[in-house]
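1. only the shape, not the letters, is given here:
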């Protein structure tokens with residue numbers, strides 16, 4: 001595994017360098033720590049609560065409405081794979097290229113740092129976002145995800161990275177400018193560069209570009225929302241056209257105090273929890289299939305928002321009460337299988353070995369570790385080998401599965 005190098009410039013911009021001369025390409029990511037859940041702040045002694053979708057709108061705006069034009073079009077003409085994306089915690093602008101890496105870096109930095117804020121530009125940007133939202137609203141799971149957040153959180157108001165059409169309509173140019181000036185600052189940004197590149201040239205290019213700009217400073221403090229551990233609602237229902245009803249049980253779990261490395265380790269343990277307790281070889285799955293409660297797989301996901309993780313398990317079923325009862329009983333008596341744990345460790349070690357052969361996969365893992373868990377490195381084969389069955393049981397047993405909500409999707413008039 002190659003060595004990760006971290007460099008912090010005088011203005012606070014942090015650069016992560018992960019060289020790999022065996023690769024033919026270079027991946028560049030310019031990341032701002034402002035995403036979908038970035039909503040509640042005190043800015044210059046004024047309390048501010050942003051609406052959903054603002055970070056996503058700003059992402060679209062910076063791509064298209066800047067002094068130099070749409071950078072995706074510009075880099076596309078250079079035969080680079082490029083795009084931008086907004087997540088829960090951050091927004092990134094990126095490309096993958098074989099050559100002209102310096103030009104790609106200049107293009108993205110100049111685009112991000114040279115917006116032209118006008119009301120006309122904003123209204124133009126809103127139109128494709130309306131279509132994007134309408135497309136997502138055709139999915140029952142998009143609506144369900146919003147409903148789950150309504151049912152789980154009381155004080156945390158985040159519901160969707162993309163927001164609603166009403167959110168987008170209500171967004172003003174002043175909202176965008178405030179977010180941009182407050183959060184698009186070097187001390188709140190990171191750059192990750194991986195692959196085959198000339199370190200000296202790249203650092204020179206970044207420093208020369210960044211030094212061309214001055215930044216207005218704001219006093220920013222995140223508001224503590226004092227979210228309670230209990231859920232807002234124990235049960236909810238969504239009426240949506242669906243051939244078979246769908247049921248989810250979502251557990252709201254407050255994370256204990258953990259080191260960054262322990263947080264990364266938790267992702268493996270949660271994956272192990274899913275494999276042992278709801279995977280196709282689990283006793284629960286076998287029982288559900290045998291009793292014809294479900295006819296397809298159980299789905300599982302986990303989502304980290306603030307100091308909480310949401311663990312969601314569900315499936316299509318005609319026996320909604322039976323399915324929810326079996327899931328809840330299962331997580332009151334969690335199954336721990338040592339042989340399966342050791343088998344999954346071997347599988348994860350293989351995944352890490354294969355991951356290092358894929359530059360995009362490796363870069364995504366690295367950025368997730370840095371941004372979501374404050375762990376400034378890649379997890380290694382040695383890390384996985386250090387996991388023990390007893391540690392795994394201890395971590396999972398310390399999670400509180402007492403707070404959950406049940407969400408059902410069915411047709412109007414269904415029971």
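-> Structure received. Only a predicted model underlies this, so the values are computations on that prediction, with no experimental measurement involved.

2. distance between the ends of stretch 310-327?
-> Start-to-end span of stretch 310-327 (Cα to Cα, to the nearest Å) is 15 Å.

3. residues in contact with it?
-> Contact with stretch 310-327 is made by 148, 152, 244-253, 270, 278, 284, 287-288, 291-303, 406-408, 410, as judged by Cβ atoms under 8 Å, 6 or more residues apart in numbering. In this view, the C-beta of every residue, glycine as well, is placed from N, C-alpha and C.

4. mind listing what's buried in that stretch?
-> 310-317, 319-320, 322-324, 326-327 (16 or more other Cβ atoms under 10 Å).

5. narrow those to those in strands?
-> Among these, the residues falling in strands (DSSP state E) are 310-316.

6. now the two most distant members of the buried residues of stretch 310-327.
-> Based on Cβ to Cβ, the longest span within the buried residues of stretch 310-327 runs between 310 and 319 and measures 24.2 Å.

7. can you give me the helices in the stretch 301-415 of the chain?
-> Here the stretch 301-415 of the chain has its helices, by DSSP state H, counting those that start in this stretch, at 320-332, 338-355, 359-373, 381-385, 389-397.

8. give the other helices and strands that the fourth one contacts.
-> Right, helix 381-385. helix 260-278, helix 338-355 (3 or more Cβ pairs under 8 Å, 6 or more residues apart in numbering; DSSP states H and E).

9. what separates the longest one from the chain centre, distance-wise?
-> For helix 260-278, the separation from the chain centroid amounts to 17 Å (computed by Cα atoms, centre = their mean, to the nearest Å).

10. for the record, mean pLDDT for that helix?
-> Averaged over helix 260-278, pLDDT sits at 91.

11. for that helix, packing partners?
-> Here helix 260-278 touches helix 283-290, strand 299-305, strand 308-316, helix 320-332, helix 338-355, helix 359-373, helix 381-385, helix 389-397, going by 3+ Cβ pairs under 8 Å, 6+ apart.

12. give me that answer again for 6 Å
-> Applying 3 or more Cβ pairs under 6 Å, 6 or more residues apart in numbering; DSSP states H and E, we find helix 260-278 packed against strand 299-305, helix 338-355, helix 359-373, helix 389-397.

13. the inter-axis angle of it versus strand 299-305?
-> Relative orientation of helix 260-278 and strand 299-305, computed by axes from the mean of the first three to the mean of the last three Cα atoms, to 10 degrees: 160 degrees.

14. tell me which residues are up against helix 260-278.
-> Residues outside helix 260-278 that contact it (Cβ atoms under 6 Å, 6 or more residues apart in numbering): 284, 298, 300, 302, 313, 330, 335, 337, 340, 344, 369, 373-375, 379, 392, 395-396.

15. can you flag the buried ones in these?
-> The neighbour count (16+ other Cβ under 10 Å) marks 284, 298, 300, 302, 313, 330, 337, 340, 344, 369, 373, 375, 379, 392, 395-396 as buried among the contacts of helix 260-278.

16. where does residue 7 sit: helix, strand or coil?
-> Using DSSP: H, G, I helix; E, B strand; the rest coil, the structure places residue 7 in strand.

17. give the buried residues for stretch 8-28.
-> For stretch 8-28, the neighbour count (16+ other Cβ under 10 Å) marks 9, 13-20, 23, 25-28 as buried.
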